[in-house]
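Peer 1: Predicted model follows, preceded by the sequence.
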Amino acid sequence: MEIFVATLLVIIGYLLGTFPSAALIAGKKNLDITKVGSGNPGASNVIRNLGWKIGLGVFLLDMAKAAVAIGLVWLVTKDRRDPLSYICLFAAILGHSYPITRKFKGGKGVASGGGGMFVLFPLTSLVLFASWFVLTKITHKASIASLTISIALPFGIYREGAETWEIIATLALVLFIIIKHLPNLRRLKKHEEPDLI
């Protein structure tokens, strides 16, 4: 593949990630999502402040960012698990978490990462998607659910036939998500992490 096409796909992936799903949907309800709850412009904070129905809309839109980015690679390379798919997945997550359009202040990347992994490993992703909802209902903590399914992800894709390099790439994604959740872990330790409704 030409380096120009690959570079263009990575840039598109990043720009897709910057799409402000939470801010736009919450804004239609006259709510600045960055000034309520955790201040995080992600699905969990929308659920916490506007309910599950609206929050799920944000969740699905955030998933679509990376899913579309990988889908474009698939169209070009005819191989959905081409290494470029993972590069574009990371680009979309970085766009979501550090959007240039919003002073690099974005979400934590769980839903976007989940959308990309759904294209790459649908069976594992379906199981983890369902697990996220079960865990949030049990613990009432989105951060616990997000961290749990993230840590389980490499084991799931291994069982689904992932190659070694894919597992290593996924471990890098898990590390990124853990780092993004360090403030949540500190709040959990202090029993200050807000519940998800």
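Peer 2: Right, received. Where do you want to start? Treat the numbers as computed from the prediction; the structure is a model and nothing was measured.
Peer 1: Show me what the helix or strand of the chain with the lowest mean pLDDT is packed against.
Peer 2: Least confident helix or strand of the chain, by mean pLDDT, DSSP states H and E, is helix 43-50 with a mean of 90. Contact here means 3 or more C-beta pairs under 8 Å, 6 or more residues apart in numbering; DSSP states H and E; on that basis helix 43-50 packs against helix 21-27, helix 52-77, helix 142-159. C-beta: built from backbone N, CA, C; applies to glycine.
Peer 1: how much distance is there from that helix to the middle of the chain?
Peer 2: 15 Å (C-alpha atoms, centre = their mean, to the nearest Å).
Peer 1: Then stretch 102-116?
Peer 2: Counting by C-alpha atoms, centre = their mean, stretch 102-116 comes out at 5 Å from the chain centroid.
Peer 1: got the CA positions of it in CSV?
Peer 2: Provided in CSV are the C-alpha atoms of stretch 102-116 (Å, rounded to 0.1, in the frame of the first residue of the first chain):
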residue,chain,number,x,y,z
ARG,A,102,-11.3,20.5,22.1
LYS,A,103,-7.9,21.4,23.5
PHE,A,104,-6.9,17.7,23.7
LYS,A,105,-9.5,17.1,26.4
GLY,A,106,-11.6,14.0,25.6
GLY,A,107,-12.9,10.7,26.9
LYS,A,108,-11.1,7.6,28.1
GLY,A,109,-11.3,5.5,24.9
VAL,A,110,-13.2,2.5,26.2
ALA,A,111,-16.2,2.7,23.9
SER,A,112,-14.1,3.7,20.9
GLY,A,113,-11.7,0.9,21.6
GLY,A,114,-14.6,-1.5,22.0
GLY,A,115,-16.0,-0.4,18.6
GLY,A,116,-12.8,-1.1,16.9
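Peer 1: what does the average pLDDT come to for that stretch?
Peer 2: For stretch 102-116, mean pLDDT rounds to 93.
Peer 1: Same check on stretch 85-96?
Peer 2: The average pLDDT for stretch 85-96 rounds to 97.
Peer 1: How about the secondary structure of A6?
Peer 2: Judged by DSSP: H, G, I helix; E, B strand; the rest coil, the three-state class of A6 is helix.
Peer 1: Low-confidence ranges, this structure, go.
Peer 2: 1, 197 (pLDDT under 70).
Peer 1: quick one: the least confident helix or strand of the chain to helix 52-77, angle?
Peer 2: With axes from the mean of the first three to the mean of the last three C-alpha atoms, to 10 degrees applied, the angle from helix 43-50 to helix 52-77 works out at 160 degrees.
Peer 1: so which strand or helix has K29?
Peer 2: K29 is part of no helix or strand when elements are defined by DSSP states H and E.
Peer 1: Excluding residues flanking it in the chain, which one is nearest it?
Peer 2: Spatial nearest neighbour of K29, excluding adjacent residues (C-beta to C-beta, 6 or more residues apart in numbering): L50 at 5.9 Å.
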